[in-house]
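Engineer: Quick one, what's the 3D model for this:
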Amino acid sequence: MQDSDFPYNLKILVIGYGSIGKRHISNLTKIGKIKIIVHTKRKKDNFLKKNNCSVFSKLENCLNENPTAAIICNETSLHIKIATKLIKNNIHVFIEKPLSNSLIGIKQLKKMVRAKRIITHIGCVQRFHPITKKTKEIIEKKSIGKIKFLHAKNSSYLPDWHPDEDYKESYAARPELGGGVVLTCIHELDYLIWLFGKINKVIAINKNIGNLEINVDDFSTSFLEFSNKSIGKLHLDFFQIPKSRFCKIVSEKGMLHLDFEKNQLRFYNIKRKEWKTIIKIKGFNKNCMYLDEMKYFLKCIKNNKASFNDINFGEGVLKTALLIEKSSSKKKELFNK
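Structural biologist: Numbering: from 1, shown residues only. All right, here's what the predicted structure looks like:
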């Protein structure tokens, strides 16, 4: 069923035809009357044919179709190069996380975005999880008092991400494509900065300690000091079985516990000495987050309104991720300028 908020015709270009590219194509067909253009060399593909996609192996041919917006979901190391070309052609851009694997070219890209009034959005879907959104609301209302400490963790097993693919050839496992656990699992860093503000100071340890036989860090633990003076611990790895993903937020009045595996948000009230379940979702379909995020991006274009996760915010998250990597390599505490 198509969304009534998008009755108009749109042309959306999808660059990159991996698992996330397929997900976006599938979701676009559910949103409205959208012509989907795909940049890939795989023209003879039943999925593309089924979804009436126009397929081109050359980017120039895609641009000749005059797309309204583009979704960039190819190698991280190519994001800025591709985005620059698109924005020069007045195309709004949705860039899958992370924005890039370096800061090269971002300053010039931001100038072009401002000059051409382009809508940009960095794809960090964890913000669209119901328990993350509810946590944002609770923190903004200051109903749990001052935040003291938080602990976020995302542990999983890389070979399980896409079982039908060779994980050693994935972006996550290849340094030249912008891989490594800090950049690949940047969702946590993104939502932490969204919830608690800028990170001023980091000290980190990144290592390759799993048995995955890949040439990138598969483990990262860092301590963070936020601009509001709260302290955070962030742990990331992609060699753990079973997987675990949570965020515990300790405040003056108790503790919020976001459990992304159980899709549950609970609060422990210190005064009452009891747990209260705020949200518990049975049979949660994670694709709802991707669908909601894409609808949000398209509404930003429709209303000519900046995204809450635009290139400026994305640059700040990327700077912090790179600072974590630098802190580990230099083995010292570093400050975020």
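Engineer: domains in this structure, as residue ranges please.
Structural biologist: Residue ranges for each domain of the chain read 10-125+290-310, 126-284+318-335, as given by automatic domain parsing.
Engineer: Wait, Cys247 touches Leu150, no?
Structural biologist: Yes: contact criterion C-beta atoms under 8 Å: Cys247 and Leu150 qualify, at 6.4 Å. All C-beta spots, glycine's among them, are computed from the backbone N, C-alpha and C.
Engineer: Can you check which residues contact both of these two?
Structural biologist: Common contact partners of Cys247 and Leu150 (C-beta atoms under 8 Å, 6 or more residues apart in numbering): Leu192.
Engineer: Would you mind giving the domains of the chain as TSV with mean pLDDT and mean neighbour count added?
Structural biologist: Listed next are the domains of the chain as TSV, based on pLDDT from 0 to 100; neighbours: other C-beta atoms under 10 Å:
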stretch	mean pLDDT	mean neighbour count
domain 10-125+290-310	96	18
domain 126-284+318-335	97	17
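Engineer: does the nearest residue to Pro67 once chain neighbours are set aside belong to a helix or a strand, and which?
Structural biologist: Leaving aside its chain neighbours, Pro67 sits nearest to Leu13 (3.9 Å; criterion: C-beta to C-beta, 6 or more residues apart in numbering). Per DSSP states H and E, Leu13 falls inside strand 10-15.
Engineer: For stretch 83-94, what is the distance to the chain centroid?
Structural biologist: On the basis of C-alpha atoms, centre = their mean, to the nearest Å, stretch 83-94 sits 19 Å off its chain's mean C-alpha point.
Engineer: Contacts for it next, please.
Structural biologist: The contact list for stretch 83-94, computed with C-beta under 8 Å, 6+ apart, reads 13, 59, 63, 67-72, 95, 105, 108-109, 112-113, 116, 118-121, 123, 294, 297, 301.
Engineer: same thing but 6 Å
Structural biologist: Under the criterion C-beta atoms under 6 Å, 6 or more residues apart in numbering, residues 63, 67, 69-71, 109, 112, 116, 118-121, 297, 301 lie in contact with stretch 83-94.
Engineer: hang on, the earlier thing: now the element after the strand holding Leu13, going C-ward?
Structural biologist: Next in sequence after strand 10-15, counting helices and strands by DSSP H and E, comes helix 19-31.
Engineer: So what touches that next one?
Structural biologist: 3, 6, 12, 14, 34, 36, 51, 71, 73, 96, 162, 290-291, 294.
Engineer: In CSV: the residues you listed, plus distance to His129 and secondary structure.
Structural biologist: Listed next are these as CSV, based on distance: C-beta to C-beta, whole Å; DSSP: H, G, I helix; E, B strand; the rest coil:
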residue, distance to His129, secondary structure
Asp3, 20, coil
Phe6, 23, coil
Ile12, 24, strand
Val14, 23, strand
Ile34, 25, strand
Ile36, 26, strand
Asn51, 26, coil
Ile71, 20, strand
Cys73, 20, coil
Glu96, 17, strand
His162, 21, coil
Tyr290, 11, helix
Leu291, 13, helix
Met294, 15, helix
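Engineer: so which of the residues you listed would you say is closest to Val317?
Structural biologist: Glu96 (13.3 Å; C-beta to C-beta).
Engineer: where along the stretch 101-250 of the chain do the helices fall?
Structural biologist: For the stretch 101-250 of the chain, applying DSSP state H, counting those that start in this stretch gives helices covering 106-116, 130-141, 181-184, 187-196.
Engineer: closest to Thr277 out of those helices?
Structural biologist: Checked against C-beta to C-beta, the stretch from these lying closest is helix 130-141, at 10.9 Å.
Engineer: what packs against the closest one?
Structural biologist: Applying 3 or more C-beta pairs under 6 Å, 6 or more residues apart in numbering; DSSP states H and E, one finds that helix 130-141 contacts helix 187-196, strand 274-280.
Engineer: roughly how far out does that helix sit from the chain middle?
Structural biologist: 18 Å.
Engineer: cool, and stretch 60-74?
Structural biologist: The answer for stretch 60-74 is 21 Å, by C-alpha atoms, centre = their mean.
Engineer: Please shift the residue numbers so they start at 236 in all later answers.
Structural biologist: Got it, first residue is 236 now, which makes that one stretch 295-309.
Engineer: Let me see the residues that make contact with it.
Structural biologist: 245-251, 255-256, 259, 272, 274, 291, 314, 317, 321, 324, 326-331, 536.
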